[in-house]
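S.K.: Here is the input, now give the coordinates:
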Amino acid sequence: MTKPKKNILLITFTLIILSGGCRDIAVPKPKGYFRIDLPDHSYTGISDSITKSHNLPLSFEYPSYGKLSFEQDNYSEPGWFNISFPPYKAKIYLTYLNINNDLEQLMEQTYKLNVKNHIIKADAIDEQVINDPQKNMYGILYDLKGNTATAVQFFVTDSLKHYLRGSLYFASEPNSDSLAPVIGFFREDIVHLIETLRWNDK
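M.R.: Numbering: from 1, shown residues only. The predicted structure follows:
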């Protein structure tokens, strides 16, 4: 080895020793998200006075930390109502419809509005069939995976008179990773709403 090369190695070795030896190589940390504090699940029943005043022949329990709203605007139609959660920029949109020999059309409309429009962005769509003959409750719960505008959709019907559809939306840019805990939380609330839903035919 030539003398200049020996000197370079000696200088390099000396600098390493003086600098405290080998240092850890900086590795980028994985992207993190803010912790979201969620309340304990608790529910309240929709009152008879509300269902009567809005011609809703049904009853159910909804989250007590949600705001049930029947606010109308130029785009609203009869049977539209919401459960909003302002601290989380989340809202469950609900629509009740009477069946008039058009169940197949209503189901197709729900699929087009709430599922088909999101297929392009969805990584996958899981379907859970709802089948409860004792309550005359039939339908499908959709879980849309990926960065879609809506993550949970559903419809339920007695197949003769009543039809209810719903969808969970967030007023923020879709990010399935950061929203995953909140989506799971409100999905439980939607499942509870469906499980406590009753048709009022009187």
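S.K.: What ranges does the chain have for its helices?
M.R.: Assigned by DSSP state H, the helices in the chain fall at 3-18, 48-53, 103-114, 176-196.
S.K.: among those helices, where is the model least confident on average?
M.R.: In terms of average pLDDT, helix 3-18 trails the rest of those, at a mean of 51.
S.K.: Make sure Pro181 is actually in contact with Asp37.
M.R.: No: judged on Cβ atoms under 8 Å, Pro181 makes no contact with Asp37 at a distance of 10.1 Å. For every residue, glycine as well, the C-beta is placed using N, CA and C.
S.K.: what about the two, which has more around it?
M.R.: When neighbours are counted by other Cβ atoms under 10 Å, Pro181 comes out ahead of the other of Pro181 and Asp37, with 12 against 6.
S.K.: measure His162 to His54 for me?
M.R.: According to Cβ to Cβ, to the nearest Å, His162 stands 14 Å off from His54.
S.K.: For Tyr93, which residues count as its bridge partners?
M.R.: Counting by DSSP bridges, Tyr93 forms beta bridges with Asn82, Ser167.
S.K.: which residues touch it?
M.R.: 80, 82, 166-167, 169 (Cβ atoms under 8 Å, 6 or more residues apart in numbering).
S.K.: Tell me, what's the model's pLDDT at it?
M.R.: The predicted structure scores Tyr93 at 94 on the pLDDT scale.
S.K.: Likewise for Ala171?
M.R.: Spelled out, the predicted local distance difference test score at Ala171 is 85.
S.K.: and what of the one 3 residues further on?
M.R.: At Pro174, the pLDDT value in this model is 58.
S.K.: Check Asp102 too.
M.R.: On the pLDDT scale, Asp102 gets 94.
S.K.: Ramachandran angles for it?
M.R.: For Asp102, the backbone dihedrals are phi -130, psi 30 (criterion: degrees, to the nearest 10).
S.K.: burial of it, as a residue count?
M.R.: Taking other Cβ under 10 Å as the neighbour definition, Asp102 ends up with a count of 13.
S.K.: which one of the contacts of Tyr93 sits closest to Ala149?
M.R.: If you rank those by distance to Ala149 using Cβ to Cβ, Tyr169 comes first, at 6.3 Å.
S.K.: Pretty sure the closest one sits against Val152.
M.R.: No: Tyr169 lies out of contact with Val152 (Cβ under 8 Å); the separation is 9.4 Å.
S.K.: neighbour count winner among those two?
M.R.: Between Tyr169 and Val152, counting by other Cβ under 10 Å, Val152 is the more crowded of the two (21 against 18).
S.K.: What separation do you get for that one and Leu144?
M.R.: Relative to Leu144, Val152 is positioned 7 Å away (criterion: Cβ to Cβ).
S.K.: ok, and the closest non-adjacent residue to Thr196?
M.R.: Nearest in space to Thr196, with sequence neighbours left out and distances taken as Cβ to Cβ, 6 or more residues apart in numbering, is Glu61 at 4.2 Å.
S.K.: Next up, the contacts around the one you found.
M.R.: Glu61 sits in contact with 43-46, 192-193, 196, where contact means Cβ under 8 Å, 6+ apart.
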